[in-house]
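Trainee: Structure for the following, please:
(one chain, ligands or ions: 1)
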Amino acid sequence: MRIYDIIQSKKRGDALSNEEIQYIVRGVTDGTLPDYQTTALLMAICLKGMNAEETTALTLAMAASGDQMDLSALPGVKVDKHSTGGVGDKTTLIVAPIVAALGVTVAKMSGRGLGHTGGTVDKLEGIPGFRAALGMDEFFATVHKTGICVAGQSMSLAPADKKIYALRDATATVDSIPLIAASIMSKKLAAGADRILLDVKTGNGAFMKTTDEARALAGAMVAIGNMAGRRTSALITDMSAPLGTAIGNILEVKESIEVLSGGGSDDLRHVSIELAAHMVQLAHIADGDIDACRALALEAITNGQALEKFAQMVAAQGGDRACIDRPDRFPNAQIEHVIPSPQTGYITAMDTEGIGIAAMLAGAGRETAEDEIDYTAGLILHAKIGDYIKKGQPLATLHTATEAKATAATERLLASYTIADNPVPKPPLIHEYITG
Ligand code: URA
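Mentor: Predicted coordinates:
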């Protein structure tokens, strides 16, 4: 087998065989395939695509390129959830304890944020003392003890994807549905859950800007999961505005506690209940009726069990449980600035990515993987699409550390709102449900 011939055949648009795909992934993983040939192939895949069998073969080969978690020693059905990322998306902090309270085993690896999107691990590490970097023994012991653990992703999961992603990032080959689907699903399969719920975001704050693109990505990932023998389904959810009102790590943990306590903003609560209900449905712990699953998810909030499960998880991972019981104990940012609305009218659009960048400029996110984050920094939004606001009324509250950061973040935030005379409806929160 020669890599030259494989590149040539993909350039012509032919489908690659399983053996060819395994040869490539082996060569990427052990470093014998030069980067220039790998990137030539990635560009050919980007332009000519891959069919479902090729995409699944690539996913399985990348999943097998490193450690593969064996969760079979843990009790019950293990259900994972993955979000393609957005702004203010703190649903894992809410959904994982809800489903764990209902008896679904949550043994989850989560990622860090980069650029305008946040990451679950960063949010959790905003809780004083919380440790996401756990060894395998501690990870398993925590799940055994509390039924839930959310840890940082082990570096040895799908190393082929890590190398390929770095090459894609440098060669304008990220935006290929088969490559994105294989990248995400290789890590999900290697993480070992029995069932997977995907939250594919769509809108101006998401990777997939249109519902058509999100549907294509969701369909590809659902097909891979099911072909690999893991029951997988997907919700396409809205990211044409940030989810909830808080953006920034500690601020998002506090908002999650509000929802787990029965309050919080309507959009965040609604999306969280939908995701939890679909995870419960995948786990088969209720009858298959989604309304019954929704009712169970809501009940876990109203009877306090979901919040208690979250507090147990935090304590088991070294976090200060007192902050969960009394969120006013979380540290605060040095500067808290109210940003007034520059005009009167209806909010008709939000540049969600711009708002994520405003939070990053305030200190809540990283521009490069090496940047330090300020856990206290971020934004609380007081008005979103469809709301009416008068000039001078609070549009958002900025939490940050320096006046220079406050100025940069405020400018970016104000440029991200469109305010006009005529009202628009609020965007739908759940666009579609996709099942195998
Ligand atoms: N997230 C991933 O993990 N991989 C991609 O290719 C895109 C988003």
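Trainee: can I assume I324 sits in a helix?
Mentor: Yes: applying DSSP: H, G, I helix; E, B strand; the rest coil, one finds I324 inside a helix.
Trainee: Identify the residues contacting the residue lying closest to it once chain neighbours are set aside.
Mentor: Distances taken as Cβ to Cβ, 6 or more residues apart in numbering place A311 nearest to I324, at 4.4 Å, with adjacent residues excluded. Quick note: C-beta positions are derived from backbone N, CA and C, even for glycine. Listed by Cβ atoms under 8 Å, 6 or more residues apart in numbering, the contact set of A311 reads 321, 324-325.
Trainee: and of those residues, the nearest to A166?
Mentor: Closest approach between those and A166, by Cβ to Cβ: I324, at 36.8 Å.
Trainee: For that closest one, grab the count of nearby residues.
Mentor: 25 (other Cβ atoms under 10 Å).
Trainee: residues in contact with it?
Mentor: So I324 contacts 127, 257, 307, 310-311, 314 (Cβ under 8 Å, 6+ apart).
Trainee: Which pLDDT value goes with the residue in the stretch 251-400 of the chain positioned nearest to the ligand?
Mentor: Residue of the stretch 251-400 of the chain nearest the ligand, by Cβ to the nearest ligand atom: A369 (13.6 Å). Per-residue pLDDT puts A369 at 76.
Trainee: Pull the contacting residues for it.
Mentor: So A369 contacts 112, 114 (Cβ under 8 Å, 6+ apart).
Trainee: just to revisit the earlier point, may I have the phi/psi pair for the residue nearest to I324?
Mentor: Dihedral angles of A311 (phi, psi; degrees, to the nearest 10) stand at phi -60, psi -40.
Trainee: Also K81?
Mentor: Backbone torsions of K81, given as degrees, to the nearest 10, read phi -130, psi 140.
Trainee: doesn't V200 make contact with it?
Mentor: No: counting by Cβ atoms under 8 Å, K81 sits too far from V200 to count as a contact (11.6 Å).
Trainee: Look at these two and report which has more neighbours.
Mentor: Neighbours around K81 and V200, counted as other Cβ under 10 Å, are more numerous at V200. The numbers are 30 against 26.
Trainee: I figured that one hits T232, correct?
Mentor: No: counting by Cβ under 8 Å, V200 does not reach T232; the two are 11.6 Å apart.
Trainee: and for these two, which residues touch both?
Mentor: M221.
Trainee: Which helix or strand contains I380?
Mentor: Assigned by DSSP states H and E, I380 falls within strand 378-381.
Trainee: tell me what that strand is packed against?
Mentor: Using 3 or more Cβ pairs under 8 Å, 6 or more residues apart in numbering; DSSP states H and E, the elements in contact with strand 378-381 are strand 246-247, helix 249-260, helix 352-362, strand 394-400.
Trainee: Can you list the strands that the helix or strand following that strand pairs with?
Mentor: Per DSSP H and E, the first helix or strand lying C-terminal to strand 378-381 is strand 388-389. The strands beside strand 388-389 in its sheet (DSSP bridges) come out as strand 345-350 (antiparallel).
Trainee: mind listing what the residue nearest to the spatial centre of the chain touches?
Mentor: In the chain, the C-alpha nearest the mean C-alpha coordinate belongs to S83, at 3.3 Å (Cα atoms, centre = their mean). Listed by Cβ under 8 Å, 6+ apart, the contact set of S83 reads 89, 91-92, 198-199, 201.
Trainee: Then V99 would be within a strand, right?
Mentor: No: per three-state DSSP, V99 lies outside any strand segment and is helix.
Trainee: low-scoring stretches of the stretch 201-350 of the chain, by residue?
Mentor: Applying pLDDT under 70 to the stretch 201-350 of the chain flags residues 286-287.
Trainee: Now the closest residue to the ligand within it: closest residue in space, sequence neighbours ignored.
Mentor: Here the residue of the stretch 201-350 of the chain nearest the ligand is F207; by Cβ to the nearest ligand atom that distance is 6.1 Å. Once flanking residues are discounted, F207 sits nearest to T84: 5.4 Å by Cβ to Cβ, 6+ apart.
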